[in-house]
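1. What shape does this take:
(chains A and B)
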Amino acid sequence: MIPELGHFALVAALLVALLQVALPAFGVWRRDRRLMAVASSAAQTQFLLILFAYLCLSWAFVTRDWSVAYVAANSHSDLPLAYRISAVWGAHEGSMLLWVLMLSGWAAAVSVFNRRLPPDLAATTLAVLGAVGVGFLLFILLTSNPFERSFPVPADGRDLNPLLQDPGLVIHPPMLYMGYVGFSVAFAFALAALISGRLDAAWARWTRPWTTTAWLFLTCGITLGSWWAYNELGWGGWWFWDPVENASFMPWLVGTALIHSLAVTEKRGQLKAWTVLLAILAFALSLLGTFLVRSGVLVSVHAFATDPARGVFILTFLAIVLGIAFTLYAWRAPKFVSQADFALFSREGLLLLNNVFLVVAAFAVLLGTLYPLLAEALNLGKVSVGPPYFNAVFLPLTAPLAVLVGLAAAVGWKRAKPAEVWKRVRVPAALAVVAGLALPWALGHRTLLAAIAGGMLAIWVLLTAAQEIGRRVLAKRDRVQGLLQVPRAVWGMTLAHAGLGIWVLGVSFVSLYSVEKDVRLGPGQAAELSGYAFRFDGVEGRAGPNYDADHGRVEVSRGGRVIAELEPEKRRYRASGQVMTESAVDHNALRDLYVALGEPIDKARADGDWALRLYYKPMMRLVWWGGFIMALGGLIAASDRRYRLAQARETVAVRAEALA
Amino acid sequence: MRLRYLVPALVLIGLVVLFAVGLRHDPREVPSPLIGKPAPAFSLAVLGAPQQTYTLADLKGRPVLVNFFASWCAACRVEHPFLMQLAAQGVEIVGVDYKDTDADGADWLARHGNPYRTVIADPQGAMGLDWGVYGAPETFVLDTAGTIVYKQIGPLSEAVWRERVAPLLQGAKP
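-> A predicted model of the protein is given here:
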């Protein structure tokens, strides 16, 4: 009964979503305030209905209702409760339900927080979000209904994909989806601006916190995904340029560009058409990501559920939504040309340059991701584009970006004097050069040109980020007061840039100085790697709740001193028979020691030799810390009180206008 | 309306066409390099009779289907009734119990019925590795000389049998 209620709630949500599109649109056309106001209540109702449906599906998982086909396919009676709850988004149908839940959640949030928007803008924005919701709800109801029953009822479930039975994967997809779906708000704002023909500083200010919030979720999601792959796949890698990873990375790159171009649009009233285009593109790439993951056009290690019928639906939906958006853009964007002159050597000029690099990088990733498809369509055979292409294209594009990040902070708006800028940046630049040269040597690594360059860029980004705060503090006579008066937006920006610096440092060192070794060890034997001794203490059988594991023990020591006791596992999940590697890692800020259990070489004997994979990875943690610090920066920036104050002030202005 | 503002719309049209073409290809259809080549050699025990070995030589002399299955494989359950039907028609199918324990494999066959004339036990997946198997079920069609003439990835179905496999076997009869 409960699954049917959930299904019914989805149908009702679809009807509400249709109203959310039609009534406000009609209201905007007829300038009828009451019809426009329907948008808010419809958005909230839609959210509650979808939330109800989502809870119904969760209930089916928690109570192990095997008569629901989706539950039976993705759960098992031995599956722990936490994973039964997260199994809701363990496969296609539930992921899509989570997706619309978030979409309606974002729309409801817009309706709650932006009550102060001009009514027609609010109504158009919510109507656009409603239209996107209609598409996805139809998709679920027509091609991927999670509430479908199956008869006869199976005796037990087929278990959740063991890859997904990991804490990292419990939070990774929701974070990622929050980011993907969050860009729908910027998209809706952009369309509202195109429809109304009004795009001013206030518009940019309303859009900014939404964009930053979506971006921070996406940043967290990508970082968590990388962390999960590292722990769970047992290859010691943290980024594979897999189509599904690329699908999340492209909107991130364009979203980052959007955050910066919104700043220019708000402060200087320029780059308006470009900002609107980026807002459309960020969401377009999110939709494209969904299409790539869900349709199976590209083969990937992540391809869980693929079905061509679903692919056709999403492709049609994508063509309609983006077709309308880009047509509107072609028609209305020429109106948004700004009159003010635009100097390249100014903050806005450098931000535009940063945008160009980010968008070109996103385009390069897109090309690499789609190239196999293109080659196949032209009958060039099956090809796959691997990390060599991406690294060769991507790294030259990110290095100038790191230079720009530091420079743009030192350059003022409008027009800057090179001499003044030089005065500001010469100290951090000199320090970065010295520190970059010294860093590999100080950490006891070989001196490599690429590592020096990476170190210099990282230190440069970190120092110039700190300088921004420093300048603001020193400008005030009372230093403490100065520190307290630094707005959150500036703290957020500084932190995000510092996160980038930390990330650059981590990426450079971990990719250049990692050492790995495949060894064969018997119990009691040891292998040496980068000055660390790994002693293998054998393997014992252990039973988990729904798997049997070979539980290994490896003692790591350096110069006779024991550093860590690592316990890698190989798990065989009972229901599906799949084998998973649980690697074991000891980490600090400077290095990771990573052990993955391979195969037993001598199967006849219980205490025989095993294949083990050992890694030494310097500064691995910095890659993820960098990501999380960036996300934290986004959080602080989005909470700046300026956005709330500005809204209140505009309301006063609007009221005054209404009275006059 | 200025032309450069139309660029995004044009790019979109190009991409949609590309995807529409891409959707018509099956990404799982990777051509096997083994087609037209002799089947790789193996020597493994027969399921339930560990002292009895089965080798490549035993597969030669008549057309035969080699079907990789496992008790843990859900799609094999889907395929199973059709294999039973083929066996009833007199088609010789040799099963390979792939990455499975002997007890589980035998139990599965006892429960659902056994369409195989012989079942080879491949608990470590060694034969599967040599034959380029990347998941169960997969089915190889061998001619009288032991040459692989067709490979089916995923469940064998009535349609695949009629259109792809049966014509090959017509020609392969001794």
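
2. Check the gap between the closest residue to A:Thr219 other than its chain neighbours and A:Ile2 for me.
-> By the measure of CB to CB, 6 or more residues apart in numbering or on different chains, the closest residue to A:Thr219 outside its immediate chain neighbours is A:Ala631, 4.2 Å from it. In short, each C-beta sits where N, CA and C put it, glycine included. Separation of A:Ala631 from A:Ile2 (CB to CB, to the nearest Å): 36 Å.

3. secondary structure class for B:Val141?
-> strand (DSSP: H, G, I helix; E, B strand; the rest coil).

4. Most proximal residue of the stretch 1-150 of chain A with respect to chain B?
-> Taking CB to the nearest CB, chain B has its nearest neighbour within the stretch 1-150 of chain A at A:Ala73, 8.5 Å off.

5. pretty sure that residue contacts A:Gly157?
-> Yes - counting by CB atoms under 8 Å, A:Gly157 is a contact partner of A:Ala73 at 7.2 Å.

6. quick one on the thing from earlier: SS state for the residue of the stretch 1-150 of chain A closest to chain B?
-> What three-state DSSP gives for A:Ala73 is helix.

7. got a list of what it touches?
-> Residues counted as contacts of A:Ala73 (CB atoms under 8 Å, 6 or more residues apart in numbering or on different chains) are A:Ala91, A:Gly157, A:Arg158.

8. Where is the longest helix in chain B?
-> Secondary structure of chain B per DSSP state H: the longest helix is helix B:7-23.

9. Check whether it comes near chain A.
-> Yes - Helix B:7-23 reaches chain A (CB under 8 Å from any CB of the partner chain) through B:Pro8, B:Ala9, B:Leu12, B:Leu15, B:Val16, B:Leu18, B:Phe19, B:Ala20, B:Val21, B:Gly22, B:Leu23.

10. Show me what from the stretch 51-200 of chain A comes close to chain B.
-> Going by CB under 8 Å from any CB, the residues of the stretch 51-200 of chain A near chain B are A:Arg158.

11. Can you list the residue ranges for helices in the stretch 51-200 of chain A?
-> Applying DSSP state H, counting those that start in this stretch to the stretch 51-200 of chain A gives helices spanning A:69-74, A:81-86, A:92-113, A:119-143, A:167-196.

12. so which strand or helix has the most centrally placed residue in chain A?
-> Geometric centre of chain A, nearest residue: A:Leu218, 2.4 Å, by CA atoms, centre = their mean. Using DSSP states H and E, the element containing A:Leu218 is helix A:201-232.

13. before we move on, the earlier item: so which of the contacts of A:Ala73 is the most crowded?
-> A:Gly157 (23 neighbours; other CB atoms under 10 Å in any protein chain shown).

14. show me the contacts for that one.
-> A:Gly157 touches A:Arg64, A:Trp66, A:Val71, A:Ala72, A:Ala73, A:Asn74, A:Ser75, A:His76, A:Ser77, A:Leu79, A:Ala575, counting by CB under 8 Å, 6+ apart.

15. still on that earlier bit, same drill for A:Ala631 and A:Ile2, tell me which one is more crowded.
-> Of the pair A:Ala631 and A:Ile2, A:Ala631 is the one with more neighbours under other CB under 10 Å, namely 24 against 15.

16. my guess is that one contacts A:Gly221, does it?
-> No - shown here, A:Ala631 and A:Gly221 do not form a contact pair, counting by CB under 8 Å, at 9.1 Å.

17. Roughly how far does the residue in chain B that chain A sits nearest to sit from B:Pro137?
-> Closest residue of chain B to chain A, CB to the nearest CB: B:Trp72 (3.1 Å). Remark: distance between B:Trp72 and B:Pro137 (CB to CB) = 12 Å.
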